[in-house]
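Enquirer: need coordinates for the following:
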Amino acid sequence: MTVMVESSDVCAIAVTYHPDSEFPARIERVLRQVGALVIVDNGSTAAETQMLHTCAEHPAVTLVLNRANLGVAAALNIGIEHAVAGGYSWVLLLDQDSTVDDDMVQELLATQAAFPHRGKLAVIGAGFADVNKTSPPADQAAHAEPWEEVKQVITSGSLLPLASHAAVGPFRDEFFIDYVDLDYCLRARAQGFHVIKTRKPLMSHAIGAYSQHRWLWKKKWTTNHSPDRRYYIARNDTVMLREYGGYAYGTWALKSLQRSYRLCKRIVFYESNKTAKIIAVAQGWWDGIRGRLGPRRP
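Expert: Below you'll find the predicted structure:
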């Protein structure tokens, strides 16, 4: 017999870092769909935390203020600890800039109920529309099921059963940001859990600040991430290649160097602040080779 999960069993977790003035409105859409919300802030300004205190006047909201930026993974782990202590069985993870549909949680729970291997489900990712790119509409009629099994899903919009999370383990806080979601999904799949994503878009979200460029007859996209994000991407990608790539005789390092080189070419051709970003990529690659993790060092 299928036991339906109620939306009141879900605790949403939103990680903030200098949230914009529209954050409270986005949070209101979430609060109507879940039992509780934990906001974990990573060292925002006094004015920004005052806005978060106003959000926390809602009886279902808990606010955790970190004095410094502990990274996305550590903030997610803090939020999940609060959800467990509150007796919730599911968590919905959200970035501060994601705008959820009014029926997002209902759709995610319906997907969970229809999935045939519910006991080995690690993550249900929400399909999303990237606000910076035009995506073709999802053709659900062409598929028998409303979900697809995938290698990974992004953190924001992910619905996690806490029973599975206890087996998979916490998010990898030494990664700080970037590849936190991929690492979690790969660990889950290695333990026999399923990672699925809804075919239907359930939120609006931005991956970086995409811009399109033309090179001869080809169209090229770049994300325009900051130097710090370029550092974490290069470093954590290197670590993931070493741990999961299955490369022999240290060739993972060459593969990572090749990827970093391609990334630097894209920065040179299409992005601003080129020098700082290339230095960040080089530092990230070298720290990944040495296994130096945690926050970026000056």
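Enquirer: if I look at residue 250, how far off is residue 257?
Expert: Separation of residue 250 from residue 257 (Cβ to Cβ, to the nearest Å) stands at 11 Å. Every C-beta, even on glycine, is put in place using the N, C-alpha and C of the backbone.
Enquirer: more neighbours: which of these two?
Expert: A side-by-side neighbour count of residue 250 and residue 257, using other Cβ atoms under 10 Å, places residue 257 first with 15 against 10.
Enquirer: pLDDT value on the more buried one, please?
Expert: With respect to pLDDT, residue 257 scores 94.
Enquirer: so it sits right up against residue 282, yeah?
Expert: No - in this structure, residue 257 is not within contact of residue 282 by Cβ atoms under 8 Å, at 10.0 Å.
Enquirer: please, where are all the helices along this protein?
Expert: For the chain, the helices defined by DSSP state H cover 23-31, 46-55, 72-85, 104-114, 162-168, 180-190, 227-244, 251-270, 274-290.
Enquirer: walk me through the domains of this structure.
Expert: 7-205, 211-290 (automatic domain parsing).
Enquirer: mean pLDDT lowest where, among these?
Expert: Among the domains of the chain, domain 211-290 carries the lowest mean pLDDT, at a mean of 88.
Enquirer: returning to that earlier point: which one of the domains of the chain lies nearest to residue 298?
Expert: When the domains of the chain are compared by Cβ to Cβ, domain 211-290 sits nearest residue 298, at 10.0 Å.
Enquirer: can you give me the offset of the closest one from its chain's centre?
Expert: Taking the mean of its C-alpha atoms, domain 211-290 sits 19 Å from the chain's own mean (Cα atoms, centre = their mean, to the nearest Å).
Enquirer: circling back: tell me the most buried of the domains of the chain?
Expert: Highest mean neighbour count of the domains of the chain: domain 7-205, a mean of 18 (counted as mean count of other Cβ atoms under 10 Å).
Enquirer: now the end-to-end length of that one.
Expert: Using Cα to Cα, to the nearest Å, one end of domain 7-205 lies 22 Å from the other.
Enquirer: now that domain: how far from the chain's centre is it?
Expert: 8 Å.
Enquirer: please tell me how far the residue nearest to residue 45 when sequence neighbours are not counted sits from residue 96.
Expert: Counting by Cβ to Cβ, 6 or more residues apart in numbering, residue 45 lies nearest to residue 18, which is 6.9 Å off, once chain neighbours are set aside. Per Cβ to Cβ, residue 18 is found 9 Å from residue 96.
Enquirer: can you point me to the longest strand in this protein?
Expert: Counting residues, the longest strand found in the chain (DSSP state E) is strand 194-205.
Enquirer: helices and strands around that strand, which ones?
Expert: Judged by 3 or more Cβ pairs under 8 Å, 6 or more residues apart in numbering; DSSP states H and E, the packing partners of strand 194-205 are strand 99-100, helix 104-114, strand 121-130, strand 147-149, helix 180-190.
Enquirer: strand partners (parallel or antiparallel) of it?
Expert: Strand pairing for strand 194-205, determined by DSSP bridges: strand 99-100 (antiparallel), strand 121-130 (parallel), strand 147-149 (antiparallel).
Enquirer: on that earlier part again, what about the helices of the chain, which gets the closest to residue 153?
Expert: helix 180-190 (6.6 Å).
Enquirer: quick check: angle from that closest one to helix 227-244?
Expert: Here helix 180-190 runs at 20 degrees with respect to helix 227-244, directions being taken by axes from the mean of the first three to the mean of the last three Cα atoms, to 10 degrees.
Enquirer: let the chain start at 48 from now.
Expert: All set: I'll call the first residue 48, so the last point we hit is now helix 227-237.
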